[in-house]
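Student: Turn this into a model:
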Amino acid sequence: MKYRVLPIITLITIGFVSITPSAFAQDSTPKILAMGDSLLAWHKLTGRSITQVAGKELDISITDRSLSGARMIYKLPITGTVGFSIPRQYTSGEWDWVILTGGGNDLWLGCGCTRCNRKLNKLISEDTQTGAIPKLVSKLRKKDTKVIYVGYLRTPGQGSPIDHCRDEGDILESRISALAKHDDGVHFLSLKKLVPNGDLSYHAADRIHPSVKASKEIGKLVADIIAD
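Tutor: The predicted model follows:
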């Protein structure tokens, strides 16, 4: 499905990219917001982020507030307001869709490898009813906004600096997937099987973030969900 828009103006400030059309060609053009961490923000400055690929596939503009290093649970007030708190990336608007990711930095950087179960439950409880993630998703759904929650890449057959968090990451995503199954307006996009065994072409040199190739493939998957 393609949507036609007039030329866009791209604004880049404090790590955010806001892509705003001067006018819409159709009133039915969906309004989309992206929120999250470096999974979405990677390649943003070169115009090849997941969100930017999705926008090009759909031929629409997407407002992207994602920021590298952002967390779901972030208590510092000043840096939180500029995007390091994913919930505070939200911008008021009549959004039809929110592309969302987050939780990885909370586990990798936020629990110190000593309180992982406690941090997992603060992100999303085992019954999926409480935690920062259900709270944010519930807030978005109250406005009848559909949510695409994008999971994280894996490195099957290869090492990674975050391999020690693999089990916790799998638990986190299994809970988010269960949350999505309870609501037709929430879509969990798992990337668990995206990377072939031993293939490093889907990762940047750090083996954490997506390569341009991966960013393109994930962006198309996001676009397919919205188009359907």
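Student: which residue ranges form the strands in the chain?
Tutor: According to DSSP state E, the chain carries its strands in the segments 8-13, 16-21, 32-35, 62-64, 97-100, 146-150, 186-189.
Student: Can you list the strands that the third one pairs with?
Tutor: I take that to be strand 32-35. With DSSP bridges as the test, strand 32-35 is paired with strand 62-64 (parallel), strand 97-100 (parallel).
Student: For the last one, list every residue counted as buried.
Tutor: Okay, so that is strand 97-100. Residues 97, 98, 99, 100 are the ones in strand 97-100 that count as buried (16 or more other C-beta atoms under 10 Å). Glycine gets a C-beta too; all of them are placed from N, C-alpha and C.
Student: contacting residues around it?
Tutor: Residues outside strand 97-100 that contact it (C-beta atoms under 8 Å, 6 or more residues apart in numbering): 30-36, 40, 50-51, 54, 62, 86, 136-137, 140, 145-150, 222, 226.
Student: Quick check: chain neighbours aside, which residue is closest to the residue nearest the centre of the chain?
Tutor: Nearest to the geometric centre of the chain sits residue 101, at 2.7 Å (C-alpha atoms, centre = their mean). Of all residues not flanking residue 101 in the chain, residue 36 sits nearest, at 3.6 Å (C-beta to C-beta, 6 or more residues apart in numbering).
Student: show me the contacts for that neighbour.
Tutor: The contact partners of residue 36, by C-beta under 8 Å, 6+ apart, come to 66, 70, 86, 89, 99, 100, 101, 102, 150.
Student: hmm, try it at 7 Å
Tutor: Applying C-beta atoms under 7 Å, 6 or more residues apart in numbering to residue 36 gives the contacts 66, 70, 86, 100, 101, 102.
Student: ok, so of those residues, who is nearest residue 186?
Tutor: Using C-beta to C-beta, residue 100 comes nearest to residue 186 of the contacts of residue 36, at 9.4 Å.
Student: Now for residue 31, how many residues are close by?
Tutor: When counting by other C-beta atoms under 10 Å, one arrives at 16 neighbours for residue 31.
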